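Peer 1: here is the input, now give the coordinates:
(2 chains)
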Protein chains: 2
Amino acid sequence: MSLTVLLGGTWDDKSAAYLEELLLPDVTLIRESSEGDFNILVCGRPDKRIIDASSQLKHLIIPWAGLPASTAELMAGYSSISVHNIHHNAVSAAELALSLMFAAARLIVPADRHLRDGDWSLRYLQERSVLISGSRILILGYGHIGSRVGTVCKSLGAEVSGIRRSVTETVEFDGVILHPPRSLHDILRKTDVLVVTLPLTSETEGIIGESELDILHCRSIVVNVGRGRLIDERSLYEHLRDGSIGAAGIDVWYNYPSSDDSRTATYPSSFPFGELENVVMTPHMGGAFGTDRIEQLRMQHLALSINRAAEGAEIPCRIDLSMGY
Amino acid sequence: MSLTVLLGGTWDDKSAAYLEELLLPDVTLIRESSEGDFNILVCGRPDKRIIDASSQLKHLIIPWAGLPASTAELMAGYSSISVHNIHHNAVSAAELALSLMFAAARLIVPADRHLRDGDWSLRYLQERSVLISGSRILILGYGHIGSRVGTVCKSLGAEVSGIRRSVTETVEFDGVILHPPRSLHDILRKTDVLVVTLPLTSETEGIIGESELDILHCRSIVVNVGRGRLIDERSLYEHLRDGSIGAAGIDVWYNYPSSDDSRTATYPSSFPFGELENVVMTPHMGGAFGTDRIEQLRMQHLALSINRAAEGAEIPCRIDLSMGY
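Peer 2: Below you'll find the model as predicted:
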């Protein structure tokens, strides 16, 4: 069916041209200054004006993974418009999770810093190194990102479990044991590496708190590429500082730069994580934003979603506004 | 058959006891102070005295991967004693190669350093990040370590090639394309990530030099977990400094501490690699020496080799002294 798609916000011409190339012939792509009705809006943080601008608007596609609070609030007033996102960056988030896991497991950051100063000591102090082969990995949130992490950990010779909201009884899937959320504490007792890839919702906020971190053993590794507030901030800091968990690799934080100007002067937490040697800290880089490859993947995923609608099929990755993802 | 094995050098009692547990009943394990003949000597750098101490000595097992120069020289005089090593640490070396690859690909070291100071800039400057998914990986030396790296890169969605000395024509093996050494330059032209896992021999020294690094493109990543001198020192430094390759993750070096005292004050190269932001530097940690898990694996591999001899079968991983590995 013939469709008009409004590309909202700022896009570089090269990306827009690439998207146009991928779309079916009966899809018309227009930019924000255009006049006339449209059926699909591609926009992460639309305002009311643009939603009301077309009486034919049926679908909103957020061109990334996640649902901004302002968008959730606005779209709650438009029950006839379905909201979707795309998971084009699951590949890059999964690879960042693995990067953080390996860096934490093999002491990469302190080893690098010391060797630059001619200090080889860590070569002889590897007792705290962890091999992934033979380790028990728990992936909390076994979705687009988590399942990729799981596949790779399996190929490394790890024993992989996942926890997934929609699972009601323990099942095996592709060699990975998936458990329902109620089994969390049981599985944490048998976990060497915890990888958190959940979305942040009212249900998941603080899902890893004081008592969950207490269960983990003192050599365990915690990786978070979901959202900061999935893990209790103070408990995470204190468990790392006290060595009651072994190490962490953290990409998502509690405090973000509020403006372009503050990008070089914003501590990611009110706790001094930067003083700890057993944490690897990255500034929310899971999405690999701005790399050619990820922009290409973004356009491919958008095209897939739009072409599905043009074929009269359902657009994938629909968001349940009441669930928040 | 009944066998006596001399465990040469210093071993902690726990490891020796674990090894004893794993050995077949007709194998007797003795320590260095013992009297009497032995059939197998486990020792990395034996002296002539210990080799001559038993007229029944048939096999020397070096309890790690690699052949020290002094051992090669000594054993060249004993053609009736076969020399073997074990590859118990292929798992940990492969995981370190992956750790270095990911750290270089996702800017982990500078991202961590900046974020500790409240600087999020790299979140917005990820153009130089590399996704392994979709990348072309070349593994130079497709053996115990390389094949593990290859399997994991495959599961990440990369296109994996290997170069192996014993391959004479291009063949596919488990989804990996293996090439003979003469194809090196051809494959380097189509390589995004080069992982070097070769042993150092007269044939492999400097195998990656000026002209090989020139072929690689300016976003490419070089990882070395083999031995430093496989890659020409000056060329590697200059290509990184000038940005004619993208990044490197290097575990093996050109200059090592000569004594316990110099472990904290030995620069790994006469070139200032430590001034470069696009290199990840680790102090020869591939073997994960000293971790419980690797010591356990070492004893398991030793037991496997010794038990094979006790059963009258060939001990695996025999070293060809003339080849040097």
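Peer 1: ok, the closest residue to A:Asp26 other than its chain neighbours to B:Leu240 distance?
Peer 2: Nearest residue to A:Asp26 in three dimensions, chain neighbours excluded: A:Ser2, at 4.5 Å (C-beta to C-beta, 6 or more residues apart in numbering or on different chains). Bear in mind the C-beta positions are built from the backbone N, C-alpha and C, glycine included. According to C-beta to C-beta, to the nearest Å, A:Ser2 and B:Leu240 sit 53 Å apart.
Peer 1: please apply the same query to A:Arg229.
Peer 2: A:Arg229 is 39 Å from B:Leu240, by C-beta to C-beta.
Peer 1: more crowded one of those two?
Peer 2: Using other C-beta atoms under 10 Å in any protein chain shown as the criterion, A:Arg229 and B:Leu240 rank with B:Leu240 on top: 22 against 16.
Peer 1: check contacts around the most centrally placed residue in chain A.
Peer 2: What sits nearest the mean C-alpha location of chain A, by C-alpha atoms, centre = their mean, is A:Gly226, with 4.5 Å. By C-beta atoms under 8 Å, 6 or more residues apart in numbering or on different chains, the contact list for A:Gly226 reads A:Leu140, A:Gly141, A:Val196, A:Thr197, A:Leu198, A:Pro199, A:Leu200, A:Thr204, A:Val252.
Peer 1: what does the model give the closest residue to A:Arg165 other than its chain neighbours for pLDDT?
Peer 2: What sits nearest to A:Arg165 in space, not counting adjacent residues and going by C-beta to C-beta, 6+ apart, is A:Pro181, at 6.0 Å. A:Pro181 carries a pLDDT score of 96 in this model.
Peer 1: cool, A:Trp64 as well?
Peer 2: Confidence for A:Trp64, expressed as pLDDT, is 91.
Peer 1: now swap in A:Glu295 and tell me
Peer 2: So, for A:Glu295, pLDDT stands at 88.
Peer 1: give me the neighbour count for A:Glu314.
Peer 2: Neighbourhood size, A:Glu314 [other C-beta under 10 Å]: 12.
Peer 1: let me know the secondary structure of the closest residue to it other than its chain neighbours.
Peer 2: Closest residue in space to A:Glu314, ignoring its immediate chain neighbours: A:Arg308 at 6.7 Å, by C-beta to C-beta, 6+ apart. Secondary structure, DSSP: H, G, I helix; E, B strand; the rest coil: A:Arg308 is helix.
Peer 1: list the contacts for A:Arg308?
Peer 2: Contacts of A:Arg308 (C-beta under 8 Å, 6+ apart): A:Glu314, A:Ile315, A:Pro316.
Peer 1: helix, strand or coil: sort out the residue lying farthest from the centre of chain A for me.
Peer 2: Going by C-alpha atoms, centre = their mean, the residue of chain A most distant from its centre is A:Gly118, 37.0 Å out. Secondary structure, three-state DSSP: A:Gly118 is coil.
Peer 1: checking the residue of the stretch 201-325 of chain A found nearest chain B next. Helix, strand or coil?
Peer 2: Residue nearest to chain B within the stretch 201-325 of chain A: A:Gly274 (3.5 Å; C-beta to the nearest C-beta). Counting by three-state DSSP, the backbone at A:Gly274 sits in helix.
Peer 1: quick check, it in contact with B:Arg116.
Peer 2: Yes - A:Gly274 lies in contact with B:Arg116 (C-beta atoms under 8 Å); the separation is 3.5 Å.
Peer 1: now list whatever residues contact both of the two.
Peer 2: A:Met281.
Peer 1: near chain B, which residues of the stretch 101-250 of chain A are found?
Peer 2: Listed as neighbours of chain B in the stretch 101-250 of chain A under the rule C-beta under 8 Å from any C-beta of the partner chain: A:102-103, A:105-109, A:111-127, A:129-134, A:151-152, A:154-157.
Peer 1: how much space separates A:Pro46 from A:Ser82?
Peer 2: Distance from A:Pro46 to A:Ser82, by C-beta to C-beta: 14 Å.
Peer 1: of the two, who's got more company?
Peer 2: A:Pro46 (22 against 18).
Peer 1: how much space between the more buried one and chain B?
Peer 2: The gap separating A:Pro46 from chain B is 23 Å, by C-beta to the nearest C-beta, to the nearest Å.
Peer 1: and the closest residue to that residue other than its chain neighbours, what does it touch?
Peer 2: Nearest non-adjacent residue to A:Pro46, counting by C-beta to C-beta, 6+ apart: A:Gly8, 6.1 Å away. Neighbouring residues of A:Gly8 by C-beta under 8 Å, 6+ apart: A:Glu32, A:Leu41, A:Val42, A:Cys43, A:Pro46, A:Ile50.
Peer 1: if we use 10 Å, what do you get?
Peer 2: For A:Gly8, the contacting residues are A:31-32, A:38, A:41-47, A:50-51, A:53, A:60-61, A:63, by C-beta atoms under 10 Å, 6 or more residues apart in numbering or on different chains.
Peer 1: which two among those are spaced furthest apart?
Peer 2: Farthest-apart pair in the contacts of A:Gly8 is A:Ala53 and A:Pro63; separation 18.4 Å (C-beta to C-beta).
Peer 1: settle it for me: which of the two has more neighbours?
Peer 2: A:Pro63 (22 against 19).
Peer 1: please report how far the closest residue to A:Gly141 other than its chain neighbours lies from A:Ala313.
Peer 2: With C-beta to C-beta, 6+ apart as the criterion, A:Gly141 has its nearest non-adjacent residue at 3.5 Å, and that residue is A:Leu198. Shown here: A:Leu198 relative to A:Ala313, a distance of 28 Å by C-beta to C-beta.
Peer 1: doesn't A:Glu212 fall inside a strand?
Peer 2: No - assigned with three-state DSSP, A:Glu212 falls outside any strand and is helix.
Peer 1: quick one, phi psi at the residue nearest to it when sequence neighbours are not counted?
Peer 2: Spatially, and ignoring its direct neighbours in sequence, A:Glu212 is nearest to A:Leu188 (6.0 Å; C-beta to C-beta, 6+ apart). Backbone torsions for A:Leu188, taken as degrees, to the nearest 10, come to phi -60, psi -30.
Peer 1: which pLDDT value goes with A:Leu188?
Peer 2: Reported pLDDT for A:Leu188: 98.
Peer 1: now do A:Leu29
Peer 2: At A:Leu29, pLDDT is 95.
Peer 1: which residues touch the helix or strand where it lies?
Peer 2: Using DSSP states H and E, A:Leu29 falls within strand A:27-31. Residues outside strand A:27-31 that contact it (C-beta under 10 Å, 6+ apart): A:1-11, A:13, A:16-17, A:19-20, A:23, A:34, A:36-40, A:42, A:303, A:306-307, A:309-310.
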